[in-house]
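Trainee: got a sequence here, can you model it:
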Amino acid sequence: MILKNLHTENKPVQTQLLFEPKDAKVISLQIAKGETLKEHVSKIPALLVCISGNAVFTDDKGTVVNLNSGTYVMIEENVKHAVKAIDESNFLLMK
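Mentor: Reported below is the predicted structural model:
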């Protein structure tokens, strides 16, 4: 998903609710080039937003999302997933 595509109205200021976290955590995540955030399961839904870099998100449901600046993925609870950084990548993880 691309953040810019959420704003389709012809207005100078627009908002769009993306996610309502249960535990209200925002985590800065950095993954070095060629490294992987190993497969794991989140017990609650999460939103992963790529701030910079180039990475690939995969999950056990067959989802594959190429992540680069301005893209995001919704992570379902109890679904095993991983993130592999093609280049050094920085993310915001909200859950």
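
Trainee: number of nearby residues for the residue nearest to I86 when sequence neighbours are not counted?
Mentor: Computed as C-beta to C-beta, 6 or more residues apart in numbering, the closest residue to I86 that is not its neighbour in sequence is N54, at 4.3 Å. Any C-beta I mention is one placed from the backbone N, CA and C, and that applies to glycine too. N54 is flanked by 17 other residues according to other C-beta atoms under 10 Å.

Trainee: what about the strands in the protein?
Mentor: Along the chain, counting by DSSP state E, strands occupy 26-31, 36-40, 46-52, 54-59, 64-68, 72-75, 81-85, 89-94.

Trainee: ok, the first one: who's next to it in the sheet?
Mentor: Which is strand 26-31. Here strand 26-31 has these sheet partners by DSSP bridges: strand 89-94 (antiparallel).

Trainee: over to the third one?
Mentor: Strand 46-52 sits in its sheet next to strand 72-75 (antiparallel), strand 89-94 (antiparallel), going by DSSP bridges.

Trainee: spatially central residue for this protein, please.
Mentor: L48 (2.0 Å; C-alpha atoms, centre = their mean).

Trainee: tell me the contacts of that residue?
Mentor: Taking C-beta atoms under 8 Å, 6 or more residues apart in numbering, we find L48 in contact with 29, 57, 67, 72-73, 75, 83, 91-93.

Trainee: give me that answer again for 10 Å
Mentor: Applying C-beta atoms under 10 Å, 6 or more residues apart in numbering, we find L48 in contact with 27, 29, 37, 42, 55, 57, 65, 67, 71-75, 81, 83, 91-95.

Trainee: one more: Q16?
Mentor: Contacts of Q16 by C-beta under 10 Å, 6+ apart are 3, 5-9.

Trainee: coming back round to it: tell me the pLDDT at the residue nearest to the centre of the chain?
Mentor: Listed pLDDT for L48 reads 96.
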